[in-house]
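Enquirer: Below are the sequence and a predicted model for it; my questions follow.
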Amino acid sequence: MSTPETSQFVRLRVELVLEVDDADAVTKAALRRIAADTGMPADERTHAENAVTEDTSEALAYLVDPFDLVSEVPGIELAQASWSSEPIAYDPDSPDWDLDEDDADEDDEEDALG
């Protein structure tokens with residue numbers, strides 16, 4: 001099934017747009033997670049608490065962990081992860097938010113290379 005030239009690594013790209021109905025609840029949940037992290041140095045904790053208090057998207061970044069998304073999947077080990085969050089202007093009816101747009105661009109690039 002696997003050949004020597006086939007990589008065992010897979011990049012999984014996920015993009016989520018979340019609507020925050022209760023920013024205070026998100027911030028409080030992030031602060032609880034930070035408080036529960038006993039291994040976090042005091043200066044990093046202070047920075048994290050300030051960041052999540054000032055910016056809901058930072059609070060979400062503390063609450064959403066890529067490891068949690070794949071930890072129960074059998075046969076894999078998370079090798080590397082990065083993620084970020086940012087406030088955006090979102091209009092679900094706008095053609096700018098076509099979820100298949102990136103896939104089409106990648107398919108075109110692969111066709112050009114292949």
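Expert: Nice, I can see it. Numbers count the residues shown, from 1 in each chain.

Enquirer: Let me see the contact set for the closest residue to Thr53 other than its chain neighbours.
Expert: The spatially closest residue to Thr53, leaving aside those adjacent along the chain, is Thr27, at 6.1 Å (C-beta to C-beta, 6 or more residues apart in numbering). (Each C-beta comes from the backbone N, C-alpha and C, glycine too.) Listed by C-beta atoms under 8 Å, 6 or more residues apart in numbering, the contact set of Thr27 reads Val52, Thr53, Thr56, Ala59.

Enquirer: is it true that the first one touches Ala35?
Expert: No: when contacts are counted by C-beta atoms under 8 Å, Val52 is not listed as touching Ala35 (11.0 Å).

Enquirer: which one of the two has more residues nearby?
Expert: Neighbours of Val52 and Ala35, each counted by other C-beta atoms under 10 Å, are more numerous for Val52; the result is 24 against 12.

Enquirer: Next, that one: phi, psi?
Expert: Recorded main-chain torsions at Val52 are phi -70, psi -30, according to degrees, to the nearest 10.

Enquirer: Could you measure from it over to Glu58?
Expert: Per C-beta to C-beta, to the nearest Å, Val52 is found 5 Å from Glu58.

Enquirer: Spatially central residue for the chain, please.
Expert: For the chain, Trp83 is the residue whose C-alpha lies nearest the centre (C-alpha atoms, centre = their mean; 4.0 Å).

Enquirer: That residue reaches Ala61, doesn't it?
Expert: Yes: here Trp83 lies in contact with Ala61, judged by C-beta under 8 Å, at a distance of 6.7 Å.

Enquirer: what number of residues lie near Met40?
Expert: Neighbour count for Met40, taken as other C-beta under 10 Å: 15.

Enquirer: Let's see the pLDDT reported for it.
Expert: At Met40, the model reports a pLDDT of 94.

Enquirer: so who does it touch?
Expert: Applying C-beta under 8 Å, 6+ apart, one finds that Met40 lies in contact with Ile34, Ala48.

Enquirer: Next, work out how far apart Thr27 and Gly39 are.
Expert: From Thr27 across to Gly39, the span is 22 Å (C-beta to C-beta).
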